[in-house]
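Got a predicted model here, sequence first, then my questions.
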Amino acid sequence: MRVSIIGGTGYIGLVTGIGLAAKGHRVICADIDRLKIENIERGVLPICEEGLDALLQEAKRYGNISFTSSIHSAVIISDIVMIAVGTPEGINGETDMNQLLNALKSVAAAMDHHKTIVIKSTVPVGTNDMAATLIKKHLKSSSITFDMVSNPEFLREGSAVKDFMNPDRIVIGTCCNDAAQTMRELYRCFDCPVIVTEPRSSEMIKYACNSYLAARISFINEIAEICEKVDANIQSVIDGMKSDKRIGGHYLSPGPGFGGPCLHKDIRSLIHFGEQAGADVGMLKAVLERNEKQIESIVQYIGTILKSIKNKKVAVLGLSFKAGTSDTRNSPAITLIRKLVETNCKVSIYDPVICKIEEHLNSSVIMAQSIGEATVNADCIVVMTEWEEFFTMNLDVLYNGMRHAFIVDARNIISPDRALKAGFQYKGIGVQRSGAHLNGDHLMKRII
Ligand SMILES: NC(=O)c1ccc[n+]([C@@H]2O[C@H](COP(=O)([O-])OP(=O)(O)OC[C@H]3O[C@@H](n4cnc5c(N)ncnc54)[C@H](O)[C@@H]3O)[C@@H](O)[C@H]2O)c1
């Protein structure tokens, strides 16, 4: 099938475009960001995702993928137009629809015959209906027909290619049987259940999933805090919970709170449109409040152990919001760094895949090239991302280079025994200050 992806060099657009091309479709990725297109054509991908480059090379070999900054030319030659532009957070938590509205207008203006228009972006409930009205208004001729489909994406950054190519399910929201059939055909080579529903439920499924995942993270962070206060072992509690088939183990790792481009803004959006519709959204608000407390408590703890943070050096290990991605959007590490910089703390940073930080923080921090460089003369290490390199870092060597030997392990990935043996004072999330509860076995399980 001939498919154009609008927003085709964005995180979701690029993975979707490359994935569909690798499955044999003729894909054209259209984006207003010319620089990203030039870079991709030179072989430089804008995102770091395992397997993406190899899949792109495969799609190119079959001549199945191309890139353009002309939305018009992409739309004209395709049967399916898939929109994957950004839907960021607006000032009051509402979804900022500007990218989507512009994309819909460009698509409508370019259409000269029937198209299936698919919204892959995460959009508030009712957007597909609104989009149909907008497109009709901007068509060159009222005789041009189209079908609207909602098709939310569930891939996770860090395993984007694997998730896209092997989804748990595909959700298709449309009231039109022909459009549902077109979408089934598009995803014919994907081995998973296909759920066909009407657009509003499809749009809501995405918000319900993301809010539920965020709720699990906030829940386990709260349980971790209680464990710490009542002297229970958070890892034993998680082990006991996850072996219950009704619960499972996903999204039950205590940490610095959820970040990334989606969870926070999607809950804020759900709260916004849920409240506008007159629903009680108290639980969703509590999930966000709990999340914000996580970084506060890490900053407070650093302040307590270092007596005063001013002029102390803190080495932050990990910038991305999770391992396996270079995405720093809404990363807890960036929030932490901002707070530390505000208190005149010296901050050095190391991340295995990121060597630049937001411009306004640039003059206040040092970007190191290695763990050793980041931690030398530091007073405290804070582990913010669960990169594999940090699981096994040589603590004896780091200890010798540091001014004070404190580790705040916001991912619970370092064995407290190992840290204590190397001479560090250790603090994990939901772990007693001595770290006495964790013996490191759970880490091995995670690595395996
Ligand atoms: N990133 C994720 O993990 C993830 C997962 C599931 C769903 N989503 C959803 O997918 C959507 C896209 O997210 P993303 O992370 O890929 O965003 P992104 O910012 O990485 O990509 C958006 C792309 O759209 C392009 N764009 C903006 N306006 C355009 C226009 N008018 N015409 C053509 N291109 C235009 C931008 O240049 C950019 O390349 C969002 O709704 C997001 O909530 C994201």
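Yes, it's here. All values derive from a computational prediction rather than experimental measurement.

Walk me through the domains of this protein.
2-196, 217-447 (automatic domain parsing).

what's the single longest helix in this structure?
Secondary structure of the chain read by DSSP state H shows that its longest helix is helix 199-230.

Show the subsequent helix or strand relative to the helix or strand hosting A131.
Secondary structure from DSSP states H and E places A131 in helix 127-138. Tracing the chain past helix 127-138, the next element assigned as helix or strand by DSSP H and E is strand 146-150.

and that next one, what does it pack onto?
On a contact count with 3 or more C-beta pairs under 8 Å, 6 or more residues apart in numbering; DSSP states H and E, strand 146-150 meets strand 115-119, helix 127-138, strand 170-173, helix 177-186, helix 199-230. The C-beta positions use only the backbone N, C-alpha and C, and glycine is treated the same way.

The ligand is nearest to which of the ones you listed?
helix 199-230 (7.2 Å; C-beta to the nearest ligand atom).

Which residues outside the next helix or strand after the closest one are in contact with it?
Remark: after helix 199-230, the chain's next helix or strand is helix 234-242, criterion DSSP H and E. Outside helix 234-242, the residues that touch it by C-beta atoms under 8 Å, 6 or more residues apart in numbering are 220, 223-224, 227-228, 247-249, 252-254, 412, 429-431, 437-438, 442.

Please state the offset of whichever helix or strand comes after helix 234-242 from the chain centre?
The helix or strand immediately downstream of helix 234-242 is helix 263-276, counting by DSSP H and E. Mean-position distance between helix 263-276 and its chain equals 17 Å (C-alpha atoms, centre = their mean, to the nearest Å).

Tell me which other helices or strands the next helix or strand after helix 263-276 touches.
The helix or strand immediately downstream of helix 263-276 is helix 282-305, counting by DSSP H and E. Applying 3+ C-beta pairs under 8 Å, 6+ apart, we find helix 282-305 packed against helix 199-230, helix 263-276, helix 332-342, strand 380-383, strand 406-409, strand 425-428.

and if we set it to 7 Å?
Secondary-structure packing of helix 282-305 (3 or more C-beta pairs under 7 Å, 6 or more residues apart in numbering; DSSP states H and E): helix 199-230, helix 263-276, helix 332-342, strand 380-383, strand 406-409.

Any chance of those in JSON lines with distance to the ligand, mean neighbour count and mean pLDDT as columns?
Conversion of these to JSON lines gives the following (distance: least, C-beta to the nearest ligand atom, whole Å; neighbours: other C-beta atoms under 10 Å; pLDDT from 0 to 100):
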{"stretch": "helix 199-230", "distance to the ligand": "7", "mean neighbour count": "19", "mean pLDDT": "97"}
{"stretch": "helix 263-276", "distance to the ligand": "7", "mean neighbour count": "21", "mean pLDDT": "98"}
{"stretch": "helix 332-342", "distance to the ligand": "16", "mean neighbour count": "21", "mean pLDDT": "95"}
{"stretch": "strand 380-383", "distance to the ligand": "23", "mean neighbour count": "27", "mean pLDDT": "98"}
{"stretch": "strand 406-409", "distance to the ligand": "25", "mean neighbour count": "25", "mean pLDDT": "96"}
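
what's the closest non-adjacent residue to the residue in the stretch 1-150 of the chain that the ligand sits nearest to?
Closest contact between the stretch 1-150 of the chain and the ligand, by C-beta to the nearest ligand atom, is at G10 (1.9 Å). Leaving out its chain neighbours, the residue that sits closest to G10 by C-beta to C-beta, 6 or more residues apart in numbering is A84, at 6.0 Å.

C189 and K23 touch, don't they?
Yes. C189 lies in contact with K23 (C-beta atoms under 7 Å); the separation is 4.7 Å.

rewinding a little: so which residues lie in contact with the helix holding A131, not counting its own?
With contact meaning C-beta atoms under 7 Å, 6 or more residues apart in numbering, helix 127-138 is reached by 101, 104-105, 107-109, 117, 119, 146, 148, 150, 173, 199, 203.

Now with 8 Å, please.
Residues outside helix 127-138 that contact it (C-beta under 8 Å, 6+ apart): 97, 100-101, 104-105, 107-109, 111, 117, 119, 142, 146, 148-150, 173, 199-200, 202-203.

Out of the domains of the chain, name the one with the poorest average pLDDT.
With a mean of 91, domain 217-447 has the lowest mean pLDDT of these.

roughly how far is that one from the heart of the chain?
On C-alpha atoms, centre = their mean, the centre of domain 217-447 falls 16 Å from the chain's centre.

Give me the nearest residue to the residue nearest the centre of the chain, chain neighbours excluded.
By C-alpha atoms, centre = their mean, the chain has its centre lying nearest to G260, at 3.9 Å. Spatially, and ignoring its direct neighbours in sequence, G260 is nearest to F321 (4.2 Å; C-beta to C-beta, 6+ apart).

Could you pull up the residues touching the residue of the stretch 1-150 of the chain closest to the ligand?
Shown in contact with G10 (C-beta under 8 Å, 6+ apart): D31, A84, V85, G86.

distance of it from L155?
Noted for G10: a distance of 13 Å to L155, by C-beta to C-beta, to the nearest Å.

same question, G86
In terms of C-beta to C-beta, G86 sits 15 Å off from L155.

Could you do S201 as well?
Going from S201 to L155 by C-beta to C-beta gives 20 Å.

I302 too?
When C-beta to C-beta is the yardstick, I302 and L155 sit 34 Å from each other.

about what we covered before: if you count contacts, what does the longest helix of the chain end up packed against?
Applying 3+ C-beta pairs under 8 Å, 6+ apart, one finds that helix 199-230 makes contact with helix 127-138, strand 146-150, strand 170-173, helix 234-242, helix 263-276, helix 282-305.

The first one to helix 199-230, inter-axis angle?
Orientation note: helix 127-138 sits at an angle of 140 degrees relative to helix 199-230 (axes from the mean of the first three to the mean of the last three C-alpha atoms, to 10 degrees).

Over to the second one?
Angular relation of strand 146-150 and helix 199-230 on a 0 to 180 degree scale: 10 degrees, by the same axes, to 10 degrees.

List of residues touching strand 146-150?
By C-beta under 8 Å, 6+ apart, strand 146-150 touches 111, 114-119, 123, 127-129, 131-132, 135, 171-174, 176, 178-180, 182-183, 199, 202-203.

for the last one, same thing?
The list of residues contacting helix 282-305 from outside it, by C-beta under 8 Å, 6+ apart, reads 211, 214-215, 217-218, 221-222, 225, 255-258, 264, 267-268, 270-271, 274, 309, 314, 332, 335-336, 339-340, 343, 380, 382, 406, 408, 410, 425, 427, 429.

switch to 6 Å and redo it
The contact list for helix 282-305, computed with C-beta atoms under 6 Å, 6 or more residues apart in numbering, reads 211, 214-215, 218, 221-222, 256-258, 267, 271, 309, 332, 335-336, 339, 380, 406, 410.

Restrict the contacts of G10 to those that also contact the ligand, please.
Applying C-beta under 6 Å from any ligand atom to those, one finds that D31, A84, V85, G86 fall near the ligand.
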